[in-house]
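Trainee: have a look at this fold, sequence not included:
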């Protein structure tokens, strides 16, 4: 049963002029297997910084605090070690990789995570099933990674990775960004399939739209680089009605 534990996490980002700027100012969060956590907050509140810091992006410097996965020190791991340990990050803006097909990328990623190359026939069968579940055209597998992909195709591909790699904890950054209603439903179904197992989901979003389809167990409100409110799904409904203004004031006062 996987557990991602974040304690008093402080993260700074270099601004290229006068040193670095502190973005996260003491984040405490625990995600256990079988739980879906939604991180909500206005732009600039630190939501994506949390995702990238946990994943090990070199731009983000952890100045204090701890991140552990099943008791192991995540911050001491390289990026690829974090992936092999069971952490997965779906980025808001995935990069294009011309010349590398979706199929080859997925097989390489599966090989890296599992420690051995899957048999081609078994891999093809597994990939086809996952693509069918996400309503992805089979021809998609031969396209260059993210090159010319629509927003919906990029997000479907991220959930395809999720289903193929089967991590312990998935951090999904703005997965609903750029999706029409039909694509949102398909992607949400993929997230729900993943979350129904012995896995944890940290879903970062600005809007409540995706939460109509992915029901979180816990909602955390970010403001000023920290969690300023926590609750159940009803908190997301409150944010839909009232917005973030009172939480921005709370974040500024801490």
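Mentor: Looks like it arrived, so ask away. Quantities reported herein were computed from a predicted structural model and do not represent experimental measurements.
Trainee: any idea where the helices of the stretch 101-250 of the chain begin and end?
Mentor: 102-114, 120-133, 151-165, 181-195, 233-242, 245-253 (DSSP state H, counting those that start in this stretch).
Trainee: using a markdown table, lay out these together with mean pLDDT.
Mentor: Shown next, in a markdown table, are the helices of the stretch 101-250 of the chain (pLDDT from 0 to 100):
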| stretch | mean pLDDT |
| --- | --- |
| helix 102-114 | 93 |
| helix 120-133 | 93 |
| helix 151-165 | 88 |
| helix 181-195 | 88 |
| helix 233-242 | 89 |
| helix 245-253 | 69 |
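Trainee: of all those, which one is nearest residue 64?
Mentor: helix 245-253 (19.0 Å; Cβ to Cβ). For every residue, glycine as well, the C-beta is placed using N, CA and C.
Trainee: now the closest residue to residue 35 other than its chain neighbours: phi and psi?
Mentor: Nearest residue to residue 35, sequence neighbours excluded (Cβ to Cβ, 6 or more residues apart in numbering): residue 217, at 4.9 Å. As for residue 217, its main-chain torsions (degrees, to the nearest 10) stand at phi -80, psi -30.
Trainee: from now on call the first residue 59
Mentor: Sure, I'll start counting at 59 from here, so that last one is residue 275.
Trainee: ok, now which ones touch residue 275?
Mentor: Residues near residue 275 by Cβ atoms under 8 Å, 6 or more residues apart in numbering: 93, 94, 95, 290, 291.
Trainee: before we move on, what SS does residue 89 have?
Mentor: Classification of residue 89 using DSSP: H, G, I helix; E, B strand; the rest coil returns strand.
Trainee: what sits against it?
Mentor: 61, 62, 95, 227, 258, 259, 260.
Trainee: so can I have TSV of those showing distance to residue 199 and neighbour count?
Mentor: Listed next are the contacts of residue 89 as TSV, based on distance: Cβ to Cβ, whole Å; neighbours: other Cβ atoms under 10 Å:
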residue	distance to residue 199	neighbour count
61	34	16
62	31	24
95	32	22
227	26	25
258	28	27
259	25	24
260	28	28
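Trainee: pull the most distant pair out of those residues.
Mentor: 61 and 259 (13.2 Å).
Trainee: in stretch 118-135, which of the residues would be classed as buried?
Mentor: Using 16 or more other Cβ atoms under 10 Å as the burial criterion, the residues of stretch 118-135 that qualify are 118, 120, 123, 125, 126, 127, 132, 135.
Trainee: ends of that stretch, what's the gap?
Mentor: 14 Å (Cα to Cα, to the nearest Å).
Trainee: residues contacting that stretch, please?
Mentor: With contact meaning Cβ under 8 Å, 6+ apart, stretch 118-135 is reached by 60-72, 78, 80-81, 84-85, 107, 110-112, 114, 140, 143-145, 226-227.
Trainee: what sits closest to residue 269 if chain neighbours are left out?
Mentor: Residue nearest to residue 269 in three dimensions, not counting chain neighbours: residue 294, with 4.9 Å by Cβ to Cβ, 6+ apart.
Trainee: got the contact list for that neighbour?
Mentor: Contact analysis of residue 294 by Cβ under 8 Å, 6+ apart lists 96, 98, 266, 269, 274, 277.
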